[in-house]
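Visitor: one predicted model, sequence on top.
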Amino acid sequence: MGDIENKQAFNVADIDFSGLMDLRVDYAFKRIFGEGEDIFLISLLNAIFESKKLPRVIRSLTVANPFLEKQSKEDKLSILDIRAELDDGAIILVEMHLYGIDEIKYKTIRSWARTYGEELKESELYSKQPPVICVTFANGSLDGADSGKIHKCCKIMDIDDSTVFSDALELHYIDMKAFVRAINETDGIEKGETLDSMLAKWLAVITEKDIRDKGIIRGICEEEEEIGMVVSTLARLSEDKLVRQAYQRRQDDVAVYNIKVRNYEATIANQSTTIADQAAALAFKDNALADQSTTIADQAVALADKDNALADQSTTIADQANKIEMLMRQLAMLTRKQGD
């Protein structure tokens, strides 16, 4: 990374926020935190750890290759927004997701697992392997329930006493939508206890497009030099035509992708409806066949009853025929005696 450019080369009051790129778009986020000054990413990460009172403090880091190599032809190539290595060897994976949150939880776990598996060197003790920390920014809750929780930190823990089983896995999920709602409802970053933190200040700048009171952003930029530098850098990049074109292409790609996803989901929904209708029709036919089978069974029972009745009548007739035959024989015997 290069030296920090003139820190006071901008006036926050003169910045037109409407013209800034949205830091929630992964392209803009990566340009600032993955390709900008190290202090931007260091400050953001330290704010995340501080908000959960974790003892970790980053003083330096190295931004590494953001690609997770494929293990086979069938495997997916994962592209992370930012991959950084700390001085102690720990790896931090950072991803920004403005759209679509259904698969993020599982994607993050997969990225962690693959990275953790890649880092172990031959003949190295498992216990000496540094942890892999994942930080995921999501525009909504990952649990499907709108709890309003802004920052969730997950580790491997004992479910009985909540003791940490291992520090190898650390997942941070940050709900930007919940943060925006909290800021807009309190009309200020200092009004809520959970919002009065360095992380809240960073999130206010990251979600600036949805923050109603831009005075909050200007105040933060004046109070926090590093955040002010980020906004200044973002303003310069936003005026760069080539950067703006790349940013717009990324937005277009995301828009096209989301249209494809919605069309796919609509197709699946239509297919599901068709299958449900067909299943209902088959069920109706099955019920009709079942009713017909019941009717046939009833008719068969009735015929069986008739057959039994006819059999009883046949038996009665046969008995009467036997009696008549016996009477005829007796009559014949009497007739012969009278003739004698």
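Guide: Received the coordinates, thanks. Numbers count the residues shown, from 1 in each chain.
Visitor: can you give me the strands for the stretch 1-150 of the chain?
Guide: Taking DSSP state E, counting those that start in this stretch, the strands of the stretch 1-150 of the chain run over residues 61-64, 67-68, 78-79, 82-86, 91-97, 132-138.
Visitor: I'd like those written out as JSON lines, with mean pLDDT, distance to Ala304 and mean neighbour count added.
Guide: All C-beta atoms are positioned from the backbone trio N, CA, C, and that covers glycine. JSON lines is the format used below for the strands of the stretch 1-150 of the chain (pLDDT from 0 to 100; distance: least, C-beta to C-beta, whole Å; neighbours: other C-beta atoms under 10 Å):
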{"stretch": "strand 61-64", "mean pLDDT": "86", "distance to Ala304": "84", "mean neighbour count": "15"}
{"stretch": "strand 67-68", "mean pLDDT": "46", "distance to Ala304": "73", "mean neighbour count": "15"}
{"stretch": "strand 78-79", "mean pLDDT": "47", "distance to Ala304": "71", "mean neighbour count": "14"}
{"stretch": "strand 82-86", "mean pLDDT": "90", "distance to Ala304": "80", "mean neighbour count": "20"}
{"stretch": "strand 91-97", "mean pLDDT": "91", "distance to Ala304": "70", "mean neighbour count": "23"}
{"stretch": "strand 132-138", "mean pLDDT": "93", "distance to Ala304": "69", "mean neighbour count": "24"}
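Visitor: and Tyr257, which of those strands is closest to it?
Guide: Nearest to Tyr257 among these is strand 91-97; the distance by C-beta to C-beta comes to 12.2 Å.
Visitor: next helix or strand past the helix or strand encompassing Ser166?
Guide: For Ser166, the host element (DSSP states H and E) is strand 164-175. Scanning forward in sequence from strand 164-175, with DSSP H and E defining helices and strands, the next element found is helix 176-186.
Visitor: and the following helix or strand past that next one, how far from the chain's centre?
Guide: Of the helices and strands lying after helix 176-186 in sequence (DSSP H and E), the nearest is helix 198-206. The gap between the average C-alpha position of helix 198-206 and the chain average comes to 24 Å, counting by C-alpha atoms, centre = their mean, to the nearest Å.
Visitor: stretch 254-267 too?
Guide: Relative to the chain's own centre, stretch 254-267 is displaced by 16 Å; criterion: C-alpha atoms, centre = their mean.
Visitor: which non-adjacent residue is nearest Arg212?
Guide: The shortest distance from Arg212 to any residue that is not its chain neighbour, by C-beta to C-beta, 6 or more residues apart in numbering, is 5.3 Å, and that residue is Asn184.
Visitor: contacting residues around the one you found?
Guide: With contacts taken as C-beta atoms under 8 Å, 6 or more residues apart in numbering, Asn184 has the following neighbours: Asp210, Ile211, Arg212, Asp213.
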